[in-house]
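Peer 1: Got a sequence here, can you model it:
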Amino acid sequence: MTRLADRTRRIATSPTMRVTAAVDQLRREGVAVIDLGAGEPDFGTPDHVNAAARAAIDQGFSKYTPVAGTSELRRAICDRYRLDYGVDYAETHVIVSAGGKQALFNTALTLFGPGDEVVIHAPYWPTLAEQVKLAEATPVVVRTRAEDAFALTPDLLVSALTPRTRGVIVNSPCNPTGALMTEAALAVVARETAARGIWIVLDFCYEKLIYDPTPHNLPRVLADCCPDLAVVCGSASKVYAMTGWRCGWTIAPPPVIAAQAAVQSHATSNVSSITQKAVLAALSGTQAPVGTMLDAYRRRRDSLCAWLAAEPALRFLPPRGAFYLWVDVTAACSPDGLRSTIDFASALLDEERVAVTPGEAFDAPGFIRISYATSIETLREGSRRLLAFVGRHKEAAVRAVQPHGR
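Peer 2: As a prediction, this is how the structure comes out:
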């Protein structure tokens, strides 16, 4: 019998990655699948970013870089945040990592440990909880509610703080709900946590994907309220359509960055040198492609919401950020039919060849996450199939609860 380390029994594989794997397997078998589960942009990386990568290759920029990233890229991250949020950081406040996921993982490993509690909010991206467990800390889950538009309120977070709380992780815009945390709410939480010596970690990987003019300068709030106890984790993946390039970053007090560099030096070392040149161009060059992609996401969001509104059994709120529609499908489930949203997603894939992510992946049964990071034509066909599927199963759910003989 294979003996594995105890930590492997504390974590689960990524449910969102399982959806991707299922779609990939079906496609390799020749099955045409409409994938509304993928959490990545369908846009190509901007041309000027690709050009910078090609130039780096042509110039032979293929050696190791400092573990924390090149000086020019770290400066570019500082410059971007100064321009966008009015916050001033030095290079010593920044480390470049292999995606936002590694930025958050480095943060968990360097801040949390055995006996610590870390507050996270559900529905949540599953990796956040699993990374806390890998750090041998305990995730403490607070639950936002559909009737409150999944708002992350100060009372919700502050009420979960205990003497064992070591950190609070905030994800805004939120994957999967698309909800935003307000500046005022974060300020209240930041002052409370600072008074108790508790870290705030901001998962800011969807930072530019916000649809309406909304004050959302969360880095400024943290810089004002708790600069010595704040960590911001960002990424090029979603904003610049660079998921496969693998580049994220952590902004934190220099001792935290030094500790993360030590951890990373024994794990992955530096991010790909070519990727670093590409992300440098993304951050320091024109930001027009970001606006173009956001406009397309907005049109897709609005179209998807209009199509699905035709079915009362699908309950949702238009997301304020990110590129997911978070849908309550409990009206299409029943004890004698689709008992869970895992069953719902599985049956939808089997019957209609449409992939979505079940809410159980985000610790929120009863919901599904629909990604609209795909073409409008794919969304239209996926919506048609989803509506047909729900119509069939809703009728079955109604029959299941009717008294016998009627």
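
Peer 1: Run a quick neighbour tally on residue 322.
Peer 2: For residue 322, the number of neighbouring residues by other Cβ atoms under 10 Å comes to 30. Heads up, the C-betas are built off the backbone N, CA and C, glycines and all.

Peer 1: residue contacts, it?
Peer 2: By Cβ atoms under 8 Å, 6 or more residues apart in numbering, the contact list for residue 322 reads 173, 174, 175, 176, 178, 206, 209, 238.

Peer 1: Now do the phi/psi pair for the closest residue to residue 38 other than its chain neighbours.
Peer 2: If the residues on either side of it in the chain are set aside, residue 38 comes closest to residue 371, at 5.4 Å by Cβ to Cβ, 6 or more residues apart in numbering. Taking degrees, to the nearest 10, you get phi -90, psi 130 for the backbone angles of residue 371.

Peer 1: Residue 371 contacts residue 37, doesn't it?
Peer 2: Yes - between residue 371 and residue 37 there is a contact at 6.0 Å, judged by Cβ atoms under 8 Å.

Peer 1: could you point out where the chain is predicted with low confidence?
Peer 2: Low-confidence segments of the chain (pLDDT under 70): 1, 14-16, 396-406.

Peer 1: Tell me where it has helices.
Peer 2: Applying DSSP state H to the chain gives helices spanning 15-28, 47-58, 71-85, 100-111, 126-134, 154-158, 183-195, 218-225, 254-265, 273-284, 288-308, 341-352, 376-401.

Peer 1: Please name every helix or strand in contact with the second one.
Peer 2: Using 3 or more Cβ pairs under 8 Å, 6 or more residues apart in numbering; DSSP states H and E as the contact criterion, the elements in contact with helix 47-58 are helix 273-284.

Peer 1: how close does residue 354 sit to residue 314?
Peer 2: Distance of residue 354 to residue 314, computed by Cβ to Cβ, to the nearest Å: 13 Å.

Peer 1: Overlap in contacts, these two.
Peer 2: Common neighbours of residue 354 and residue 314, using Cβ under 8 Å, 6+ apart, are residue 386.

Peer 1: returning to what we had before: hey, which of the helices of the chain is tucked in deepest?
Peer 2: Stretch with highest mean neighbour count among the helices of the chain: helix 100-111 (a mean of 24; mean count of other Cβ atoms under 10 Å).

Peer 1: now it, how far from the chain's geometric center?
Peer 2: Centroid separation for helix 100-111 versus its chain: 14 Å, with Cα atoms, centre = their mean, to the nearest Å.

Peer 1: what helices or strands is that helix leaning on?
Peer 2: Judged by 3+ Cβ pairs under 8 Å, 6+ apart, the packing partners of helix 100-111 are strand 94-97, helix 126-134, strand 165-171, strand 199-203, strand 230-235, strand 248-251, helix 254-265.

Peer 1: The second one versus strand 199-203: what angle between them?
Peer 2: Put plainly, it is helix 126-134. Following axes from the mean of the first three to the mean of the last three Cα atoms, to 10 degrees, one obtains 150 degrees for the angle between helix 126-134 and strand 199-203.

Peer 1: Can you tell me which of the contacts of residue 322 end up in strands?
Peer 2: Using DSSP state E, no member of the contacts of residue 322 falls in strands.

Peer 1: how about residue 65, what does it touch?
Peer 2: By Cβ under 8 Å, 6+ apart, the contact list for residue 65 reads 270, 271, 273, 276.

Peer 1: any chance of those residues in TSV, plus distance to residue 250?
Peer 2: Compiled in TSV, these are given as follows (distance: Cβ to Cβ, whole Å):
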residue	distance to residue 250
270	14
271	12
273	19
276	15
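
Peer 1: Among those residues, which one lies nearest to residue 169?
Peer 2: residue 271 (22.6 Å; Cβ to Cβ).

Peer 1: I figured that closest one was touching residue 246, is that so?
Peer 2: Yes - counting by Cβ under 8 Å, residue 271 does reach residue 246; the two are 6.7 Å apart.

Peer 1: Need the residues touching each of those two.
Peer 2: residue 98.

Peer 1: quick one: which of those two has more around it?
Peer 2: Set residue 271 next to residue 246 and count neighbours by other Cβ under 10 Å: residue 271 wins out with 27 against 20.

Peer 1: Spit out the contact partners of the more buried one.
Peer 2: 65, 69, 96, 97, 98, 246, 247.

Peer 1: I figured residue 323 hits residue 372, correct?
Peer 2: Yes - the pair residue 323 and residue 372 passes the contact test of Cβ under 8 Å, sitting 5.5 Å apart.

Peer 1: Pull up the overlap in contacts between the two.
Peer 2: With Cβ under 8 Å, 6+ apart, residue 323 and residue 372 have common neighbours 297, 300, 301.

Peer 1: I'd like those residues laid out as TSV, including distance to residue 159.
Peer 2: Shown next, in TSV, are these (distance: Cβ to Cβ, whole Å):
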residue	distance to residue 159
297	34
300	37
301	32
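
Peer 1: possible to save the contacts of residue 322 as CSV with distance to residue 134 and neighbour count?
Peer 2: Output for the contacts of residue 322, formatted as CSV (distance: Cβ to Cβ, whole Å; neighbours: other Cβ atoms under 10 Å):
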residue, distance to residue 134, neighbour count
173, 25, 27
174, 22, 27
175, 19, 29
176, 21, 29
178, 27, 27
206, 23, 24
209, 27, 22
238, 23, 24
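
Peer 1: which one of those residues sits closest to residue 59?
Peer 2: Lowest distance from residue 59 to those (Cβ to Cβ) belongs to residue 238, with 28.3 Å.

Peer 1: what's near enough to touch the closest one?
Peer 2: Per Cβ under 8 Å, 6+ apart, neighbours of residue 238: 40, 41, 205, 206, 209, 322, 323.

Peer 1: try 6 Å
Peer 2: Listed by Cβ atoms under 6 Å, 6 or more residues apart in numbering, the contact set of residue 238 reads 205, 206.

Peer 1: Kindly report the same for residue 254.
Peer 2: residue 92.

Peer 1: Residue 96 bridge partners, please.
Peer 2: As for beta bridges, residue 96 partners with residue 249 under DSSP bridges.

Peer 1: you'd agree residue 187 is up against residue 223?
Peer 2: No - Residue 187 is not in contact with residue 223 according to Cβ atoms under 6 Å; the separation is 11.2 Å.
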